[in-house]
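A.B. asks: Here's a sequence, model it:
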Amino acid sequence: MRTTVKYVAALTAIATSLQATNGDNFIGIGAKTRGMAGTSIAISHGAESALSNPALISSVSQSEVSFGGTILIPSVETNGIESDADLSVAPAIAIASNMGNGVYAGIGMWGTAGMGVDYRGTGVNDDMVTNLQLMQFGVPLAYKTGTFSIGLTPILQYGALDVSYRVNNATPSTTKGAAQDLAFGYTIGTACALENFSAGIVYKSPIKMNYNGQISKMLGDYGVGTYGDDLEQPSEYGAGIAYRMGKSVIGFDYKRINWSDAEGYKIFGWDDQDVYSIGYEHDAGKWAVRAGYNYAKSPIAAQANSTVNFLNLTGFPAIVESHYAVGGTFRFSDRTSLDAAYTYAPESEERYGTTSTKHSQSALSVQLTYNF
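C.D. replies: Take a look at the predicted model:
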């Protein structure tokens, strides 16, 4: 079973570069969520809500399935050289059903995070190649009574990390191919929906991954020190509110991503992120339009160790801060609809010592949603 899960995930989680992210976490999962720049803690997006706030799958009237993906087009440049990791795809599929008596359940698989660059063959930036892929498999469960709902999504996370380089553009790395791991976590959330106002809160557990022979060898090769291979996806907590005005709704989310407590990331000196997003939707019935804005200060900060600064900016340049989003839905019938979203992160630039990195992102998300 473990081998099968890894095989399926390796085929589908082909995210190979930073992609409309807060740190290395995607700003949202699914085209509806991404069309509102990730605003999703108090606004339900149906089956999509399994990871953002599982309590909100309780908006599904009978059963709903959505499937699609995101095409990601980052642009990363370090010391005047562009990374070749400039196109990737992240899949998503989610199912949710009303089981009766206030009980809702579902299942899903989502590409949730990733980062990477490719400078091989350039003779600069130490020919650095990095590739982190994360995919989550979840089974959301929710219960609704009156205006209150609560939900839980147990998660099995698959991760793969591959790094290679030539120290000082000369000495080959001692890492040997990608390392993979599986680990468990969960997302829990609550929501309260009144006539025109809704609110929600959510907590995501940390998920500790171990990528054998990757981080320890990289930091050893660069003389940073002796460390293990843990790289933990950090815990998060957040809250959201939304106000409905006829056919329109506007929402605001706040999230805290605890990078400084996460194993691995704290070696690199990553700071916690406060993530703010605002989203708007107008639903005319046959069609809907969405827009949003997401902001989080880069978690990467200057360190006393110049080598850590080089590794952060060259191998893991999570420096984008603002994201703009537009999206919409076209309903072919009462059962079938097409959802799409476009997100854009304008260029951010950071320089630590002799290392300078520029990074911008754009992405197109498309999915089909079927109600039955």
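A.B. asks: Where does pLDDT dip in this structure?
C.D. replies: Where the chain drops to pLDDT under 70, the residues are 1-20.
A.B. asks: quick one, helices of it?
C.D. replies: Along the chain, counting by DSSP state H, helices occupy 2-12, 31-35, 49-52, 215-221, 306-315.
A.B. asks: Mind putting those helices into a markdown table with mean neighbour count and distance to Asp253?
C.D. replies: All C-beta atoms are positioned from the backbone trio N, CA, C, and that covers glycine. Listed next are the helices of the chain as a markdown table, based on neighbours: other Cβ atoms under 10 Å; distance: least, Cβ to Cβ, whole Å:
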| stretch | mean neighbour count | distance to Asp253 |
| --- | --- | --- |
| helix 2-12 | 13 | 27 |
| helix 31-35 | 31 | 10 |
| helix 49-52 | 30 | 9 |
| helix 215-221 | 19 | 31 |
| helix 306-315 | 21 | 27 |
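A.B. asks: Go through those helices and name the closest to Ser83.
C.D. replies: helix 306-315 (9.3 Å; Cβ to Cβ).
A.B. asks: which residues touch the closest one?
C.D. replies: Helix 306-315 has contacts (Cβ atoms under 8 Å, 6 or more residues apart in numbering) with 78, 117, 119, 125-126, 128, 130, 163, 165, 218, 222-224, 267-269, 300, 302-303, 319, 350, 352-353, 355-357.
A.B. asks: Buried among the residues you listed? Need that as a selection in ChimeraX.
C.D. replies: ChimeraX command restricting the contacts of helix 306-315 to the buried ones, with burial defined by 16 or more other Cβ atoms under 10 Å:
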select :78,117,119,125,126,128,130,163,165,218,222,224,267,268,269,300,303,319,350,352,355,357
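A.B. asks: Just the ones of the contacts of helix 306-315 in strands?
C.D. replies: 78, 117, 130, 163, 350, 352, 355-357 (DSSP state E).
A.B. asks: List just the nearest of these to Gly200.
C.D. replies: Glu350 (33.5 Å).
A.B. asks: Quick check: the closest one touching Val320?
C.D. replies: No: counting by Cβ atoms under 8 Å, Glu350 stays clear of Val320, with 10.2 Å between them.
A.B. asks: which neighbours do those two share?
C.D. replies: Both Glu350 and Val320 are contacted by Ser298, under the criterion Cβ under 8 Å, 6+ apart.
A.B. asks: In TSV: the ones in strands among the contacts of helix 306-315, plus distance to Tyr342.
C.D. replies: Shown next, in TSV, are the ones in strands among the contacts of helix 306-315 (distance: Cβ to Cβ, whole Å):
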residue	distance to Tyr342
Thr78	26
Val117	23
Thr130	26
Val163	31
Glu350	25
Tyr352	32
Thr355	31
Ser356	28
Thr357	24
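A.B. asks: And the residues you listed, which is closest to Pro234?
C.D. replies: Comparing these against Pro234 with Cβ to Cβ places Thr130 closest, at 18.5 Å.
A.B. asks: which ones are touching the closest one?
C.D. replies: Going by Cβ under 8 Å, 6+ apart, Thr130 touches 115-117, 161-163, 315-316.
A.B. asks: Leaving out the residues flanking it, which one is nearest to it?
C.D. replies: Among residues not flanking Thr130 along the chain, Gly315 sits closest, at 4.4 Å (Cβ to Cβ, 6 or more residues apart in numbering).
A.B. asks: that older thread, which of the ones in strands among the contacts of helix 306-315 sits closest to Leu51?
C.D. replies: For the ones in strands among the contacts of helix 306-315, the nearest to Leu51 is Thr130 (24.4 Å; Cβ to Cβ).
A.B. asks: right, and Ala47 touches Ile107 too?
C.D. replies: No: applying Cβ under 8 Å as the test, Ala47 and Ile107 come out as separate, 9.4 Å apart.
A.B. asks: Show me whatever sits in contact with both of the two.
C.D. replies: Any residue near both Ala47 and Ile107 by Cβ under 8 Å, 6+ apart counts here, and that gives 94-95.
A.B. asks: quick one, which of the two is more surrounded?
C.D. replies: Taking other Cβ atoms under 10 Å, Ala47 and Ile107 do not tie; Ala47 has more neighbours (31 against 17).
A.B. asks: Any figure for the gap between the more buried one and Thr174?
C.D. replies: In this view, Ala47 and Thr174 are 44 Å apart by Cβ to Cβ, to the nearest Å.
A.B. asks: again, but for Asn196
C.D. replies: Here the distance between Asn196 and Thr174 works out to 60 Å (Cβ to Cβ).
A.B. asks: could you pull out the strands for the stretch 201-350 of the chain?
C.D. replies: Applying DSSP state E, counting those that start in this stretch to the stretch 201-350 of the chain gives strands spanning 207-210, 230-233, 236-245, 248-257, 273-283, 287-296, 322-331, 336-352.
A.B. asks: I'd like the ones you listed laid out as a markdown table, including distance to Gly30.
C.D. replies: Below are the strands of the stretch 201-350 of the chain laid out as a markdown table (distance: least, Cβ to Cβ, whole Å):
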| stretch | distance to Gly30 |
| --- | --- |
| strand 207-210 | 20 |
| strand 230-233 | 19 |
| strand 236-245 | 16 |
| strand 248-257 | 15 |
| strand 273-283 | 13 |
| strand 287-296 | 12 |
| strand 322-331 | 10 |
| strand 336-352 | 8 |
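A.B. asks: for these, which one ends up most surrounded?
C.D. replies: strand 230-233 (a mean of 23; mean count of other Cβ atoms under 10 Å).
A.B. asks: Sheet partners, orientation included, of it?
C.D. replies: Here strand 230-233 has these sheet partners by DSSP bridges: strand 207-210 (antiparallel).
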